[in-house]
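In: The sequence and its predicted three-dimensional model are supplied below.
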Amino acid sequence: MEPPKNHSTLYNQRYQSTDHYWDFKPSSMAYKVLEIRPPMNQKLKLLEIGSGEGATALFFARNGYDVTAFDLSEVGLEKTEAAAKKINLNIKLFKANINEYAPTENFDIIFSSGTLQYLTPERRRPFIESLQLKTNTDGLHCLHTFVKKPFIEKAPDAEDCEYLWSSGELLQYYPDWKTEEFFEEIKPCNSGGVSHRHVHNRLWSTRLN
Ligand SMILES: C[S@@+](CC[C@H](N)C(=O)[O-])C[C@H]1O[C@@H](n2cnc3c(N)ncnc32)[C@H](O)[C@@H]1O
């Protein structure tokens, strides 16, 4: 099933309803990117997929990466733009649907957290392969997926256009890359005001050739 074309309205409403719908903190995964691929002597080109309100994109830009980011929510993109402008940072932002996007330029780092569940299952392999094709040698992918488990109840605010991944599935798309770290964890969440749990898979993997 394709996501509804007006799906951006849900996140637009969420992002409009408050200063920051999510904690305005960078993803915890971003710190490890900084640790294993710091922008030492060169500007590393980084793409963020599903940048939301921009906390992680801003973190990367502040730390010296050359950041490009996209999301389906115009409100999220506008908030990111405004926050970047306030501190004189330049982030290249555009609106795109993950189910239609493929990169047309190369990147050194590709990052995504909390968004790959919007890919329809048949788009997963071609999408990841399109990212891999446009990743420079020594480039890093840092990706997150929500995973389904029989013993974890469905999130109360889950949408019809979210498709949870299988445990370990993300790693299977990286047999020829050097995986720096991959792990699974179960964490509590209170989104929608109801306490529940999510299973996360997190991957950091390097293209060596
Ligand atoms: C759970 S939020 C995560 C946002 C951000 N990565 C973070 O961690 O704060 C999911 C994001 O995916 C975006 N999104 C939803 N469907 C999308 C799609 N089909 N294409 C691109 N982005 C989408 C939403 O607008 C939202 O900003």
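Out: Sure thing, it's come through. Residues are numbered from 1 along each chain as shown.

In: going forward, measure contacts and count neighbours with C-alpha atoms only.
Out: OK.

In: where does this structure have its least confident helix or strand?
Out: Ranked by mean pLDDT, DSSP states H and E, the weakest helix or strand in the chain is helix 8-16, scoring a mean of 86.

In: Who are the packing partners of that one?
Out: Judged by 3 or more CA pairs under 8 Å, 6 or more residues apart in numbering; DSSP states H and E, helix 8-16 is in contact with helix 74-86.

In: so where do the helices sit in the chain?
Out: Here the chain has its helices, by DSSP state H, at 8-16, 28-36, 55-62, 74-86, 124-133, 169-172.

In: Which one of these lies nearest to the ligand?
Out: helix 8-16 (5.0 Å; CA to the nearest ligand atom).

In: anything in that closest one near the ligand?
Out: Yes: Helix 8-16 lies within reach of the ligand by CA under 6 Å from any ligand atom, at S8, Y11.

In: Give me whichever of the helices of the chain is most buried.
Out: Highest mean neighbour count among the helices of the chain (mean count of other CA atoms under 10 Å): helix 55-62, with a mean of 22.

In: Could I get the average pLDDT for that one?
Out: On average, the pLDDT along helix 55-62 is 97.

In: and the angle from that helix to helix 74-86?
Out: 30 degrees (axes from the mean of the first three to the mean of the last three CA atoms, to 10 degrees).

In: relative orientation of helix 55-62 and helix 28-36 in degrees?
Out: In terms of direction (the same axes, to 10 degrees), helix 55-62 departs from helix 28-36 by 20 degrees.

In: any bit of helix 55-62 sitting next to the ligand?
Out: No: if you take CA under 6 Å from any ligand atom as the test, helix 55-62 misses the ligand, and the best it gets is 6.8 Å.

In: Spatially central, which residue of this protein would that be?
Out: S112 (1.8 Å; CA atoms, centre = their mean).

In: what residues are up against that one?
Out: S112 makes contact with E48, I49, G50, S51, C142, L143, H144 under the criterion CA atoms under 8 Å, 6 or more residues apart in numbering.

In: and the gap between L203 and M29?
Out: L203 sits 9 Å away from M29, going by CA to CA, to the nearest Å.

In: make that E184, sorry
Out: 13 Å.

In: Then E162?
Out: Taken as CA to CA, the span from E162 to M29 is 21 Å.

In: just F183 next, same as before
Out: In terms of CA to CA, F183 sits 12 Å off from M29.

In: Need the overlap of contacts for these two.
Out: Joint contacts of F183 and M29 (CA under 8 Å, 6+ apart) are R202.

In: For stretch 31-42, measure first residue to last.
Out: Terminal-residue distance, stretch 31-42 (CA to CA): 18 Å.

In: So what touches it?
Out: Contacts to stretch 31-42, defined as CA under 8 Å, 6+ apart, come from residues N63, G64, Y65, L140, C142, W204.
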